[in-house]
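*Asks:* dropping the sequence and predicted coords here.
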Amino acid sequence: MTWVADLPTRIVGATLELRSLTEADRDELFKAASDPGIWAGHPASNRHEHAAFTSYFDHLLASGGAFVVRKRDGGQVIGCSRFYEPPETPGGIAIGSTFLVCEAWGGAANRELKALMLGWAFERQDHVWLHIDPDNVRSQRATAKLGARLVTTAELVLAGKRGLRQCWRLDRRDFMG
């Protein structure tokens with residue numbers, strides 16, 4: 001994973017700042033994640049609850065590559081995302097464990113987060129992988145809108161859990177950012 005050595009501690013855009021996740025982010029990120037609407041339709045539909053969020057946060061912190069997403073004007077935490085090595089493509093780059101507050105869905109902040117993450121990844125690789133639960137239709141639609149294509153569905157171990165995941169590939173030339 002040569003790209004891991006290049007992983008920045010900050011990625012700054014016009015209105016957002018992505019910063020490496022630390023233990024100090026736990027409370028603010030939980031506040032952002034505490035809206036049940038964020039997790040409706042998500043396989044971890046209880047992630048707005050403290051116990052479920054704690055497990056999620058602990059995994060993000062331990063696994064590395066995770067970023068807290070803040071608005072630059074005022075510093076409000078609005079979500080997080082993560083770079084990781086895809087289990088089916090050693091050495092590749094995957095993006096996942098992403099959530100944003102509902103107000104950021106489909107808007108400028110959502111587009112900027114995707115552009116920042118994908119821009120960094122496409123400087124290092126020709127394609128990026130995204131793994132989505134087969135029941136997470138909202139994420140599947142959003143991923144398809146980026147220009148990604150579903151390559152396969154496979155049983156993978158992600159976040160320490162084995163499960164069926166759709167494996168989507170987004171090529172640099174197809175990214176509609």
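*Replies:* Happy to help now that I have it. Numbering: from 1, shown residues only.
*Asks:* which other residues reach the one helix or strand Arg169 maps to?
*Replies:* Using DSSP states H and E, Arg169 sits in strand 161-171. With contacts defined as Cβ atoms under 8 Å, 6 or more residues apart in numbering, strand 161-171 is touched by 43, 86, 88, 118, 126-134, 140, 143-144, 146-156, 158. (Each C-beta comes from the backbone N, C-alpha and C, glycine too.)
*Asks:* which strands border it, and is each parallel or antiparallel?
*Replies:* strand 127-132 (antiparallel), strand 149-158 (antiparallel) (DSSP bridges).
*Asks:* please identify the most buried of these.
*Replies:* Highest mean neighbour count among the strands paired with strand 161-171 (mean count of other Cβ atoms under 10 Å): strand 127-132, with a mean of 22.
*Asks:* who are the packing partners of the next helix-or-strand element following that strand?
*Replies:* From strand 127-132 onward toward the C-terminus, using DSSP H and E, the following helix or strand is helix 137-145. Packed against helix 137-145 by the contact rule (3 or more Cβ pairs under 8 Å, 6 or more residues apart in numbering; DSSP states H and E) you find strand 127-132, strand 161-171.
*Asks:* all strands for this structure, in order.
*Replies:* Using DSSP state E, the strands of the chain run over residues 10-12, 16-20, 66-71, 77-84, 93-100, 127-132, 149-158, 161-171.
*Asks:* related to what we said a few turns ago, what angle sits between the strand holding Arg169 and strand 93-100?
*Replies:* 110 degrees (axes from the mean of the first three to the mean of the last three Cα atoms, to 10 degrees).
*Asks:* give me the distance from strand 161-171 to the chain's centre.
*Replies:* 13 Å (Cα atoms, centre = their mean, to the nearest Å).
*Asks:* between helix 137-145 and it, find me the angle.
*Replies:* 20 degrees.
*Asks:* list the buried residues for strand 161-171?
*Replies:* Residues of strand 161-171 classed as buried: Arg165, Gln166, Cys167, Trp168, Arg169, Leu170 (neighbour count, 16 or more other Cβ atoms under 10 Å).
*Asks:* then stretch 34-48?
*Replies:* Result for stretch 34-48 [16+ other Cβ under 10 Å]: buried residues Ile38, Trp39, His42, Ala44, Arg47, His48.
*Asks:* returning to that earlier point: would a markdown table of the helices and strands packed on helix 137-145 with distance to Glu112 and mean pLDDT be doable?
*Replies:* Converted to a markdown table, those look like this (distance: least, Cβ to Cβ, whole Å; pLDDT from 0 to 100):
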| stretch | distance to Glu112 | mean pLDDT |
| --- | --- | --- |
| strand 127-132 | 17 | 96 |
| strand 161-171 | 17 | 93 |
